[in-house]
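**Student:** Just to be clear, the model below is a prediction. Sequence and coordinates:
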Amino acid sequence: MNIFVTGGCGFIGSNFIRYWNSMFKEDKIINLDKLTYAGKLSNLSDIESNKNYEFIKGDISNSKLIENLLKKYNPTFIVNFAAESHVDRSIIYPEKFITTNILGTFKLLTNVNNYFSNLSKKKQDDFRFLHISTDEVYGSLKKEDAPFKETNKYFPNSPYSASKAGSDHIVRSFNKTYTLPTLISNCSNNYGPYQSIEKFIPLTIYNALNNKKIPIYGDGMQIRDWIYVKDHCEALKTILLKGKPGEVYNIGSSNEEKNINIAEKICNFLDFSIPLKRNKSYSEFIKFVKDRPGHDFRYAIDSNKIKKSLGWEAKTSISDGLELTIKWYLNNKEWVKESSGKSFIEWIEVQY
Ligand code: NAD
Ligand code: TYD
């Protein structure tokens, strides 16, 4: 079977390709990625020479290219990770988010739908288009609110979440109007190997290890529901194999943590494993900085639907996941060096 992945050189996409390859060795994986600042070929250097893996540099908006690739590779599954994904960047450069996340998804869907309509009945029955989305489309929760269900209304607050919300609606419309067998997953904040250094957990690890300021936006009391990326990949496999076309599945790990607590946990782990001189603690590098505009207070996921209907459940606790993640960053210094050249975060601080 052939599986066509977009955005596979990014954080979650590369973890997904590695995971799929380890589970289904016979499947051919085709990875289309534009290689923006977030996409790195080195994220998949361990599988690039695999005969069942093919990389193509390109944009999901390039209709001719997509049409030719679909014809050539005849995929059964398409998984769309390609997106601009960083909220802070969306505040400063919103247009890119609209272009890729909304228009790009629309163009991709149009070509996928043309491809789908020419498939045999048997191929159509097996075909799935899985769109990877985020819990941020549901907006911000108060402390006492129930976690997000699939039936929650969309209340996006950043250009990023608004663009993802737009793309989800377009995917839905292709299912309802053209009966394209689409699936949408809305997942909470991921962490783990290969995450870009400008996101919160890798940035905290990187800055602590380099004795640089660890920036905490506002009062650090915002809550995220952290999921280890491998658990997310397993959920996506489950949705592809068992999910019902047209359905939406929320994916979370029930690991709600305040940002300041995450930073403290990372610092405590490093204090224990790589102690600083003179009994100093890495937490001394934590500094409260100006808040992100429109900063969502809390995200939390109700995963009951995927648990009950598809039998998936996250396995990794936040302490195990953080330990695996910190060790990965410690053991992959070359990757970190290659990925940390950009000073976007320092620039952000000047902007806010
Ligand atoms: P990422 O920024 O690390 O990777 C995005 C990838 O998409 C990069 O490799 C980039 O080069 C590629 N890309 C960007 N624009 C493209 C285009 N026009 N055509 C082809 N490729 C393009 O993002 P991520 O964290 O891996 O997130 C992947 C997906 O999962 C996104 O759709 C995101 O919205 C969603 N998501 C992320 C999280 C999270 O916590 N990171 C949580 C839930 C959902
Ligand atoms: P982030 O990794 O950007 O994910 P998202 O905004 O999509 O949830 O940020 C996670 C949380 O950490 C979010 O509440 C913003 C906060 N944050 C900081 O406090 N400092 C930072 O330097 C960054 C990048 C994020």
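**Tutor:** Done, it's in. Residues are numbered from 1 along each chain as shown. Ligands and ions are numbered 1, 2, ... in the order given.

**Student:** packing partners for the one helix or strand residue 320 maps to?
**Tutor:** Following DSSP states H and E, the helix or strand that holds residue 320 is helix 318-331. Secondary structure elements in contact with helix 318-331, counted by 3 or more Cβ pairs under 8 Å, 6 or more residues apart in numbering; DSSP states H and E, are strand 190-191, helix 200-209, strand 227-228, helix 259-273. Any C-beta I mention is one placed from the backbone N, CA and C, and that applies to glycine too.

**Student:** Okay, now the sheet partners of the helix or strand following the second one, with direction.
**Tutor:** Spelled out, it's helix 200-209. The helix or strand immediately downstream of helix 200-209 is strand 214-217, counting by DSSP H and E. Within its sheet, and counting by DSSP bridges, strand 214-217 is paired with strand 286-289 (parallel).

**Student:** Buried residues in the partner strand, which are they?
**Tutor:** Neighbour counts using 16 or more other Cβ atoms under 10 Å place 286, 289 of strand 286-289 among the buried residues.

**Student:** Residues touching it, excluding its own?
**Tutor:** 213-220, 260, 263-264, 267, 349, 352 (Cβ atoms under 8 Å, 6 or more residues apart in numbering).

**Student:** Give me the mean pLDDT for that strand.
**Tutor:** In this model, strand 286-289 carries a mean pLDDT of 96.

**Student:** and it with ligand 2, contact?
**Tutor:** No: in terms of Cβ under 6 Å from any ligand atom, no part of strand 286-289 sits within range of ligand 2; the closest distance is 7.4 Å.

**Student:** Just the CA trace of that strand, in CSV.
**Tutor:** Only the C-alpha atoms of strand 286-289 are listed here, as CSV (Å, rounded to 0.1, in the frame of the first residue of the first chain):
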residue,chain,number,x,y,z
ILE,A,286,13.4,31.3,34.3
LYS,A,287,12.3,34.8,33.6
PHE,A,288,8.8,36.1,33.2
VAL,A,289,8.4,38.2,30.0
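
**Student:** CA atoms only: put whatever helix or strand comes next after that strand into PDB for me.
**Tutor:** Counting by DSSP H and E, the next helix or strand C-terminal to strand 286-289 is helix 304-310. Taking C-alpha atoms only, helix 304-310 is exported to PDB below (Å, rounded to 0.1, in the frame of the first residue of the first chain):
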ATOM      1  CA  ASN A 304     -13.600   9.600  25.200                       C
ATOM      2  CA  LYS A 305     -14.800   9.300  21.600                       C
ATOM      3  CA  ILE A 306     -11.500   7.800  20.300                       C
ATOM      4  CA  LYS A 307     -11.100   5.700  23.400                       C
ATOM      5  CA  LYS A 308     -14.600   4.200  23.300                       C
ATOM      6  CA  SER A 309     -15.100   3.900  19.500                       C
ATOM      7  CA  LEU A 310     -11.600   3.000  18.300                       C
END
